[in-house]
Structures are given as C-alpha cells and as structure tokens.
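S.K.: Dropping the sequence and predicted coords here.
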Amino acid sequence: MRTIYKICSASAWREAERRGAFRGSADDLRDGFIHFSTPNQVAETARRHFSGQSGLFLVAVDADALDDSLRWEPSRNDELFPHLYGELDLGAVTAVLELHTRPDGSHDIPELNP
C-alpha cells in the first residue's frame with residue numbers, strides 16, 4: 001500500500017464525513033484537483049501552506065485504492081505530487097490524525113513511513 005496525505009481543516013473533514021466524500025478545500029476546488037503529499041512532502045506542505053493554522057487534520061489515504069483519477073504531476077521543485085481529479089471516496093482513508101500547532105505556528109508532524 002502506498003500512502004498519500006491530505007492536510008485539511010477539521011471542519012472540512014467533518015463535512016466530508018457527513019457527505020460521505022471529500023470534495024476538496026477552496027484551493028483544491030480552484031485548481032480543479034485535490035492536492036496530496038507523499039510522506040516526504042508533508043512537513044514542507046504544512047510549513048508552506050498551513051503555518052499558523054490550527055484545527056487541522058492529516059488524512060492518510062491508500063493511493064492504491066484510488067482509480068486512474070489520481071495523477072502524479074510535477075509541482076514544487078519539480079517533484080511529483082499526487083493530485084486527485086475527482087472526489088475522495090472515504091473508503092480509501094486509512095487514518096485521520098490531528099495536527100497539533102506549536103506556539104511558533106509550525107506543526108508536530110507524526111513520523112510517516114515513506
């Protein structure tokens with residue numbers, strides 16, 4: 001199983017649980033796909049895009065459970081990032097972890113196996 005990760009607000013995730021699917025954040029909807037990160041990309045994604053934000057979840061997803069709407073595309077530093085063109089079926093979710101915010105605005109990222 002290859003695991004990819006989505007950082008999102010707790011409120012957005014609770015809405016996804018209510019609907020039975022995650023449709024994406026405002027940024028995802030603007031860009032036309034749901035942004036994910038690999039285990040090695042999570043810390044930098046949190047630093048760049050979520051610094052100072054609290055009330056966040058780190059959602060672990062089985063990439064192998066997603067269909068061909070998951071594409072690996074170049075992004076930051078020409079690294080390949082997983083992008084999902086469509087809704088995230090919650091059946092592919094393997095864990096939902098709370099991201100704790102430190103006093104300096106950074107986040108405690110759990111140890112993730114690449």
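M.R.: Noted; the coordinates are in hand.

S.K.: Setting aside sequence neighbours, what's the nearest residue to Thr101?
M.R.: Ser54 (4.3 Å; C-beta to C-beta, 6 or more residues apart in numbering). For the C-beta atoms, the positions are set from N, CA and C on the backbone; glycine is no exception.

S.K.: Relative to Ile109, how far out is that neighbour?
M.R.: According to C-beta to C-beta, to the nearest Å, Ser54 stands 14 Å off from Ile109.

S.K.: Who has more neighbours out of the two?
M.R.: Counted by other C-beta atoms under 10 Å, Ser54 and Ile109 do not tie: Ile109 has more neighbours, with 19 against 14.

S.K.: what about the helices in the chain?
M.R.: With helices called from DSSP state H, the chain shows them at 10-19, 26-31, 42-50.

S.K.: ok, and which of the ones you listed has the densest surroundings?
M.R.: helix 42-50 (a mean of 16; mean count of other C-beta atoms under 10 Å).

S.K.: Many thanks, have a good one.
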